[in-house]
Structure formats: C-alpha cells, structure tokens
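In: what shape does this take:
(2 chains)
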Amino acid sequence: MKKIPVILDGDPGHDDAIAWVLANASDFLDIKACTSVCGNQTIEKTTYNALRIMSLIGLDVPFAMGREKPLLGDPMNAPSVHGQTGLDGPVLPEPLIKPLAINSVELMAQVLDESEEPVYLIPTGPLTNIGALLLLYPQLKPKIARISLMGGGISFGNWTPAAEFNILVDPEAADIVFRSGVPITMAGLDVTQRALVFPEDFERIRALNNPVALVMAEWLDFFYRFHRTKGYVGAPVHDAVAVVALIKPQILTMKELYVQIEKTGDYCRGMTVADRFGVCGNPPNATVIMDIDRSAFIDLLVAAASYYGKEVR
Amino acid sequence: MKNKPIILDCDTGVDDAIAIMLANKISQFDLRGITTVAGNVELKKTTSNTLRVLELIDSHVPVYAGAAAPLFRDQVTAGHVHGENGLGGIHLPLHRTVVPNLKAWDVIYREAVHYPGELELIAVGPLTNLGLAFLKYRELPSLINRIVLMGGSATMGNVTPAAEFNIFADPEAADIVFRSGVPVYMCGLDVTEQAYYTSDDINQVGALQSEPAKFFRDVTQGLLSFSLDFGLPGVCLHDPMTVLYAEDDSIFETHHVGIHVETKGVLTQGKTVTDLYSDKKMEPNAYIVTKVDRKAFQSRLFDLMASY
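Out: Numbers count the residues shown, from 1 in each chain, chains lettered A, B, ... in the order given. This is a model prediction of the structure:
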C-alpha cells in the first residue's frame, strides 16, 4: 500500500503521545521526522518526552527540537493537565536517539525539500514550528500537502472561555498557518471533547498486555484523573483526532469554513473565529471536524495498541 | 399578585414592534414606559415607529427617546434586515408625534427610584441607554430587580462571525451592563434562533383579522423571505421571545454563568464571552438562556396576539 509522508510535531503531552502511538501503528503513514514544540511543558521536557515515546514505540526517525518559546508571546504550560514532567504517569524507557544538531524548522524544511511528493504535517501542539516554517521557507509551501492540526474550537475554548490551549499559546503562529493558503484540517474542541475514551476502554487497551498498550492505558488513567474533576466522563484524547483525520476520515463529520485567529482582545486572544453564516464573504480555508464516531475511534485506538503485540491467552 | 413594573427599551424594528404588541397584552406587566435607542434604524425612526405601533394597539404608554448613537462608536444599522423605515416598508399612521422631554436614562432612574428593587428592564436593542443610565446614576444597579436582554450569543454571531448585532452595535455599553452587578438574563442567538415563526405560523396569526394581527403578518413578510433565503425555517422572533422570557421562564432552559463582553478584539469585538461550555470558569455574573420549547413559545405568542 502507498503510504503518505508525514511529520509529527508535538508537545507531548499524554494525548500527543497517544496520537503518535496511533500514527506509528498506521499502514497509511510514512513518518519522515518528528519535532518538538513548547506547550504542555517547557521545550526541554516536551523534547525529552518525545524521545522517550519514540523509544517506547520503536519510532526511529530524524528528530529535532523546537524553540524555547512561541513566536512572540511568553511560554505557557499546562502542568495541571499533564503533570510536572508533561507526561506524568507510567515509567518510560530512556531515549534511544539524540536530537539532530539542526532545529525543528530546519528539519521540517529539509524533509519537505527532499520529498518528491508533498508532505502532511500533523501538529498537535502550539503552531510555533509550522508558523516559523511558513515564514522562513515560503518557497516550500507547495511541498506541504495539508496541515492536520489539533487546536482551536469554533464554539468555545478550554484554557480561556474563548480560546483553546494550543492556539492561545501562539496565536501569531496560528494566524500565519490559517492565512497560509495551505489546506488545513482542524481538529478543535468541537470534536476533540467528543473523542472520549471511557474507563472501560482503558481496560480493553490494558488487556492487550504489550509494553505500549500498558503504558497507553496508564497515560489514559492519568489524563482522565484531571478531566474527571472537570466533569468529563472519559479522557478526551484531543490530539489523536488530528491523526484520525488522515488515516480514517470516514469516521469524522467535517465542515468547510473560513476560520480566522483573534490575536488581540481582553477575552478572545487565541480564539478561532469561524464564519458559519458566510458574513465575511471569504471562501473556506479550513476543513473543521465537528464530530466523531466514538466507538469506531475506540476500535481504532485498540487496533493501534495491538499493533505493538498481543498476548494470546 | 402585584404587576411587575417594566421598562421596555427598544430600537423598533420589525421584531421590536411585535415585542411591544406582546408586552402590551401581558397582564402581569405594569409597563411604565418604552424607551427608544438607535439600532436597527436611526433614533428618529425607532422613536416614531414605537409611537406608530402604540397607536395601532391604542396604547398610551409613554415613550421616551434615548441615545442617538453608541457611547464611543459610529452607529451601525440593520436597514437591510428591517427595511428602510425599520418596519419592513409597512406604513402605520402616526398622530402622536411629541414625546416627553425626558431622556431614556433619566426615566429609567426615576422609575427605579419609584419601584426600588422591583423595576425590570427589558432591553431588546443596543444597550446604550442602559449604559448611560448606569454611568449617570451610580446607585442605580442596587435599585433594579433584573435586566432581561436580547443580545449576544454563547457560540456565534450574526453581524460578524463572533458578534450579535445588539452587542456589536455598542460593546462598551454592553460591558457596563454586564459589569453592573444587576442580574442580567441574556436571550442570545443560541435560543432566539429556536424561537422562529414559520410561514404557516405567521398566517395563522394573520387570520385572526384584528388590525394588530394583520400588521404582524405584513410586517414579518420581508424578514420571512430574508430568513428563508438564509436557510432558516422561519423568522426568528428575537425580541418577542425575550419579552415572553421576562413574563414566564418556565418554557426555557437557563444557566447561571460568567459573561463578559469583548470590546477590544479585532475579529471578536462585541462577542459575549461565556464559560458555559468551557473548562475555564469565570465568576458567574449573568444568566444565559439556551433553550426554548418552540411549540409553547409559538402558542403563547399566538394567544397574546389573539387577545387583540
């Protein structure tokens, strides 16, 4: 089967980690490189986490580290959600590979430049790297097939009432991305808060009893502990939806919309503003995912976890 | 039961006109006055339209003109929605052309002092008059029972992707209102878009044959075709629904939430930001109405129109 080339760019993070587990297990994706970005935790921590995840899942591809802060704003982290390490919970293997000497944006540019066909980018953290890539290497834009991102929400936020965390951390980078003209698929809170993994689903994954599945179940345990306090009945695995959009879009409901990024405001900085009624008169610039077939999503996660080995009982 | 002292603040307007006709027939309302504000059309028209509607229904409720422009901004109007004259091109006779020489904000204060803790404001236009009342009279918030307003939305806009017309027209005034400390009940697009009247519903009222009922039918025609073109199932009766909410909230779903008005965003000014659906919570300062039993709304409105 022909695979599509992708770059995974994230700030792991429990849901980034699960997104990468899913991507690595897929027959549809040819992972060309991974990069880190600061977001859920500092760049040192997300980098260390990324490398430990790659080591756990046997993902041996070039890796480069992102910058220590957003394009213009100050760094912002989410220890309440992901813990002090950014990936609290299970013990992980130490990294097997080292970051390259070049930075994340240089690595992305190199992969795009060398690829014969356009590459898909899957950013699951703030859009700092992608924004910088578009600013610094505008000539490579045609080499980006699509950006399938987790971020935003056209109806509400989570880190502020109006803004979702990834976009809030670096609204300027997000603005560059949404204005770029590159095809965008947006997995925002509208869908990702419905991408709920219930405690009984954790057990389906745990029962697979392979090293990745066991860790994944513990990540879900940890991630759910925080979300339960917010009234969730499961763990919303936000970032995995950005991967699902490329490997199994048929389980998603999507809408073509014109989406802009609010960069200012007392309450709305970082909001993804969608023109649902066409009052702006601009053509759509994003495919916004609105819903997911939850049980098909769970089956997909379980199948991905079983890729890493299944215990025969 | 003692009737509730009410001031209706409006920018008449097709749906404001209907709101006035309903308010006039709600027996538990003691309508102390109608104040007018620039909004859907210019102040001169919103005032004369209000007088025309009152003449049609033979009401002598006093009308007081208010602000001719938003606090800090240029006026935006919605003539494309409500017609050049604000009443969908329908011409109602007008004999009472003079209104008392008392400004809307002064009359709000006067009535609040007269009915301390009881007065309810129903505001269905831009909130300029209320904003000015709060700016001028510092003790006013403690005298008002509550504000029921049509404006804003939890999730979407209509005049811009993020903002609803009434709040967008004067965001700073809205900000003053939401910060006033008075309980604000917000009937935004989330719920008013559920409060629609189909073509059949409108004709059912029209068939009542009273002059107000025929006016109801005629004045909504322009808005009906505008709405149907837009893909809506009928005319959203934003302002009438808000009046009915003030009468009886039992057919509605309401949540106590934090609501603040964005006054500075480039894309979002005039957005009512609420924590209703967000993990991030704010101090609750308002009530947002999210659902209405459309059938019950439709029949209550019909019954009130049938009482003409």
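
In: tell me which element B:Gly39 is part of?
Out: For B:Gly39, there is no host helix or strand (DSSP states H and E).

In: mind listing what it touches?
Out: B:10-11, B:13, B:46, B:77-78, B:125-126, B:165-166, B:169 (CB atoms under 8 Å, 6 or more residues apart in numbering or on different chains). Every C-beta, even on glycine, is put in place using the N, C-alpha and C of the backbone.

In: which single one of those residues is nearest to A:Ala174?
Out: B:Phe165 (27.7 Å; CB to CB).

In: need the pLDDT of the closest one.
Out: Note for B:Phe165: predicted pLDDT of 97.

In: wait, doesn't it sit right on B:Gly79?
Out: No. With contact defined as CB atoms under 8 Å, B:Phe165 and B:Gly79 do not form a contacting pair (11.9 Å).

In: more crowded one of the two?
Out: B:Phe165 (25 against 13; other CB atoms under 10 Å in any protein chain shown).

In: excluding chain neighbours, what is closest to that one?
Out: If the residues on either side of it in the chain are set aside, B:Phe165 comes closest to B:Val159, at 4.5 Å by CB to CB, 6 or more residues apart in numbering or on different chains.

In: now swap in B:Gln204 and tell me
Out: Per CB to CB, 6+ apart, closest to B:Gln204 is B:Phe302, 6.5 Å.

In: for the one helix or strand in chain B whose mean pLDDT sits lowest, buried residues please.
Out: Here the helix or strand of chain B ranked lowest by mean pLDDT, DSSP states H and E is helix B:79-82, holding a mean of 84. Within helix B:79-82, the residues that count as buried by 16 or more other CB atoms under 10 Å in any protein chain shown are B:81-82.

In: same for it, what does it pack against?
Out: helix B:221-229 (3 or more CB pairs under 8 Å, 6 or more residues apart in numbering or on different chains; DSSP states H and E).

In: for the closest residue to A:Ile102 other than its chain neighbours, which three-state class applies?
Out: Distances taken as CB to CB, 6+ apart place A:Ala64 nearest to A:Ile102, at 5.5 Å, with adjacent residues excluded. Under DSSP: H, G, I helix; E, B strand; the rest coil, the three-state class of A:Ala64 is strand.

In: name the helix or strand for whichever residue of the stretch 151-300 of chain B sits closest to chain A, please.
Out: Residue nearest to chain A within the stretch 151-300 of chain B: B:Gly265 (2.9 Å; CB to the nearest CB). Using DSSP H and E, B:Gly265 sits in no helix or strand.

In: can you check A:Thr287 too?
Out: strand A:286-292.

In: how about B:Tyr64?
Out: Under the assignment here (DSSP H and E), B:Tyr64 is part of strand B:63-65.

In: so who does residue 306 touch?
Out: Assuming you mean chain A. A:208, A:210, A:213.

In: sorry, I should have been clearer: chain B.
Out: B:208, B:213.

In: pLDDT at it, what is it?
Out: For B:Ala306, the predicted pLDDT is 98.

In: and if you look at A:Glu68?
Out: Per the predicted model, pLDDT is 96 at A:Glu68.

In: would you confirm that it contacts A:Cys38?
Out: Yes. Between A:Glu68 and A:Cys38 there is a contact under CB under 8 Å: 6.0 Å.

In: neighbour count winner among the two?
Out: In this view A:Glu68 and A:Cys38 are compared by other CB under 10 Å, and A:Cys38 has more residues nearby, 28 against 11.

In: and that one, what does it touch?
Out: So A:Cys38 contacts A:11, A:46, A:66-70, A:75, A:77, A:125-126, A:128, A:169 (CB under 8 Å, 6+ apart).

In: switch the cut-off to 6 Å
Out: A:Pro75 (CB atoms under 6 Å, 6 or more residues apart in numbering or on different chains).

In: tell me the SS of it?
Out: coil.

In: check the one 10 residues further on too.
Out: When the structure is reduced to helix, strand and coil (three-state DSSP), A:Tyr48 reads as helix.

In: could you pull out the helices for the chain?
Out: No chain in the question, so chain A it is. For chain A, the helices defined by DSSP state H occupy A:14-25, A:43-57, A:79-82, A:104-114, A:128-136, A:165-169, A:171-179, A:189-192, A:199-206, A:211-229, A:238-247, A:294-306.

In: looking at chain B here, not the other one
Out: B:14-25, B:43-56, B:79-82, B:104-114, B:128-136, B:140-143, B:165-169, B:171-178, B:189-192, B:199-206, B:211-219, B:221-229, B:238-247, B:294-306.

In: pick out the shakiest of the ones you listed, pLDDT-wise.
Out: helix B:79-82 (a mean of 84).

In: about what we covered before: tally of neighbours for the residue nearest to B:Gln204?
Out: 17.

In: one step back: closest to A:Ser104 out of the contacts of B:Gly39?
Out: Using CB to CB, these come closest to A:Ser104 at B:Phe165, 44.2 Å.

In: and the closest one, how far is that from B:His82?
Out: In this view, B:Phe165 and B:His82 are 10 Å apart by CB to CB, to the nearest Å.

In: same check on A:Ala296?
Out: 47 Å.

In: quick check: the residue of the stretch 1-150 of chain A nearest chain B.
Out: For the stretch 1-150 of chain A, CB to the nearest CB, closest residue to chain B: A:Val81, 9.4 Å.

In: burial count for that residue?
Out: 21.

In: please name the nearest non-neighbouring residue to it.
Out: A:Phe226 (5.3 Å).

In: tell me the mean pLDDT over stretch A:138-151?
Out: Rounded mean pLDDT across stretch A:138-151 is 98.

In: up against chain B, what does the stretch 51-200 of chain A have?
Out: A:155-158, A:160-162 (CB under 6 Å from any CB of the partner chain).

In: which one of the residues you listed has the most neighbours?
Out: A:Ala162 (30 neighbours).

In: now that one: how far from A:Pro99?
Out: From A:Ala162 to A:Pro99 the distance is 35 Å (CB to CB).

In: try B:Gly131
Out: Shown here: B:Gly131 relative to A:Pro99, a distance of 55 Å by CB to CB.

In: same check on B:Ala65?
Out: B:Ala65 is 69 Å from A:Pro99, by CB to CB.

In: before we move on, back to that, of the contacts of B:Gly39, which is the nearest to A:Ser26?
Out: B:Phe165 (46.6 Å).
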